[in-house]
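Asker: Using only what follows, build the 3D model:
(chains A, B and C)
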Amino acid sequence: MGCHLSLMGRRRYPSAMSLSHPHPIDSPAVLAWYDRHARDLPWRVSPQDRRDGVRPDPYRVWLSEVMLQQTTVAAVKAYFLRFTSLWPTVANLAAAPLDAVLREWAGLGYYARARNLHACAQAVVGDHGGVFPDTAAGLQTLPGIGAYTSAAIAAICFDERVAVLDGNLDRVLARYYALDVPVREAKDELRGALQLAVPVRAGDFAQAMMDLGATICAPRAAMCLVCPLHDGCEARAEGEPTRYPIKPVKAERPVRRGHAFVMRDASGDVYLQSRPAKGLLAGMTEVPTSDWTAEPGEPDFPVTAAWQRHGEVVHIFTHFRLELEVWSAVVPPDGLVNGWWSSPDALAGEALPTLFRKVLNLAGLDQA
DNA sequence: AAGTCGGGGGG
DNA sequence: CCCCCAGACTT
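Answerer: Next comes the predicted model:
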């Protein structure tokens, strides 16, 4: 059985141990695989160019890493190209209004990232002379840069020999060591095992392991026959690699219900307002809604008008399901002073999260 | 240590 | 429907 990375006893059992001597990860094999199969990505310097002395731009690496937090490569590409076109340097981004950053981030999700992105750019310019710190420890002091992102930037840009552990690596290593507990309970052990393998080409190694997780050791399929870690992989030896990682018990997703009110003035403009600076969809643009509650309530219309019902929008957030009844009416503009009126043509440029684009769509306002 | 925080693509 | 994605931050 080799060395199962096992957490017998972390909490449940009195004695311990995990893996003081994890069997090694063959980083030369991983790098050789990467030299032939690296993905071509807009923010990446290829291993060939890297060998020729090309250095990654920390600004672009940082921007991509923040966008990629809990977000797929496919979803990020267009946003990355748009951001780097609008703001080619960290100084450009720092000088941009936060509103513009939120507008461009709209649709990508996890909007605290956009606020932290802007704050981080301003910190780099204001506190670091416009130059990103060149160590993981230094990077992690910046807003929106945590354990993973700091390690990724330090490895990719500066070849700091630090373990870069993301969701892909959680899966790859859980399989490699046939980890018999949820990854969250063994994060430190996995990081320690990975740290021992980090080679001089730390940046390429980090990207190689992530590519491996994205293309070979994928969530629902593991192409073990072409994997450079085939020989040492315990899950492969057991014969059912997709059994790992062990998943924690899933919490049920509660339902919240409410009403959304699309108000238009005589000229057809739509009434919009800003959400609070904290909490869900913080600082983004919305149409007015009722409170979102477990029980469906009667619509508390903001003004008296001939309200028309359009149907229901369903939107899935991470920890609850939202069902909004969508209403619209032509209203007199009196009393609506907290927000602003937007022409239908201008909606595409508003900082509207996907939820409210769905609402506007259902009310008959076509979005680009 | 557990909760909060989006959205989309693929099985 | 379900899962998962180059996680960070708060409590």
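
Asker: How is chain A partitioned into domains?
Answerer: Under the assignment automatic domain parsing, the domains of chain A span A:27-243, A:255-362.

Asker: I'd like those domains as JSON lines, with distance to residue A:249 and mean neighbour count appended.
Answerer: Placement of C-beta: from N, CA and C, glycine included. What follows is these, written out as JSON lines (distance: least, Cβ to Cβ, whole Å; neighbours: other Cβ atoms under 10 Å):
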{"stretch": "domain A:27-243", "distance to residue A:249": "9", "mean neighbour count": "18"}
{"stretch": "domain A:255-362", "distance to residue A:249": "15", "mean neighbour count": "16"}
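
Asker: Dump these to a markdown table, plus distance to DNA strand B and mean pLDDT.
Answerer: As requested, those are arranged in a markdown table below (distance: least, Cβ to the nearest atom of the strand, whole Å; pLDDT from 0 to 100):
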| stretch | distance to DNA strand B | mean pLDDT |
| --- | --- | --- |
| domain A:27-243 | 3 | 97 |
| domain A:255-362 | 3 | 96 |
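
Asker: and DNA strand C, which of these is closest to it?
Answerer: domain A:27-243 (2.6 Å; Cβ to the nearest atom of the strand).

Asker: what about the closest one, how long is it end to end?
Answerer: 24 Å (Cα to Cα, to the nearest Å).

Asker: now check it, is it near DNA strand C?
Answerer: Yes. With Cβ under 7 Å from any atom of the strand as the threshold, domain A:27-243 lies in contact with DNA strand C, specifically through A:39, A:41, A:43-44, A:64-65, A:68-73, A:110, A:112, A:116, A:143-150, A:152, A:166-168, A:170-171, A:207, A:210-211, A:213-214, A:219.

Asker: what lines up beside the helix or strand hosting residue A:328 in the sheet?
Answerer: Assigning secondary structure by DSSP states H and E places residue A:328 in strand A:321-330. In the sheet, strand A:321-330 lines up against strand A:255-264 (parallel), strand A:308-316 (antiparallel) (DSSP bridges).

Asker: Make a markdown table from those and add distance to residue A:96 to it.
Answerer: Shown next, in a markdown table, are the strands paired with strand A:321-330 (distance: least, Cβ to Cβ, whole Å):
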| stretch | distance to residue A:96 |
| --- | --- |
| strand A:255-264 | 30 |
| strand A:308-316 | 29 |
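
Asker: Spell out which parts of the stretch 201-350 of chain A neighbour DNA strand C.
Answerer: A:207, A:210-211, A:213-214, A:219, A:247, A:250, A:316, A:318.

Asker: Which parts of chain A are helices?
Answerer: A:27-37, A:47-51, A:58-67, A:73-86, A:90-95, A:98-105, A:112-127, A:136-139, A:147-158, A:167-176, A:187-195, A:202-215, A:234-238, A:354-362 (DSSP state H).

Asker: Just put the ones you listed in TSV and tack on distance to residue A:274.
Answerer: Shown next, in TSV, are these (distance: least, Cβ to Cβ, whole Å):
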stretch	distance to residue A:274
helix A:27-37	45
helix A:47-51	44
helix A:58-67	23
helix A:73-86	22
helix A:90-95	22
helix A:98-105	10
helix A:112-127	13
helix A:136-139	31
helix A:147-158	28
helix A:167-176	32
helix A:187-195	37
helix A:202-215	36
helix A:234-238	48
helix A:354-362	12
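
Asker: closest one to residue A:277 among those helices?
Answerer: Smallest distance to residue A:277 across the helices of chain A (Cβ to Cβ): 8.6 Å, for helix A:112-127.

Asker: can you list the residues that contact that closest one?
Answerer: Helix A:112-127 is contacted from outside by A:62-63, A:66-67, A:69, A:90-91, A:93-94, A:96, A:98, A:101-102, A:105, A:108, A:130-132, A:142-145, A:282-283, using Cβ atoms under 8 Å, 6 or more residues apart in numbering.

Asker: go on, stretch A:280-289?
Answerer: A:98, A:102, A:106, A:111-112, A:115, A:258-263, A:270-277, A:302, A:317, A:324, A:339, A:350-353, A:355-356, A:359-360.
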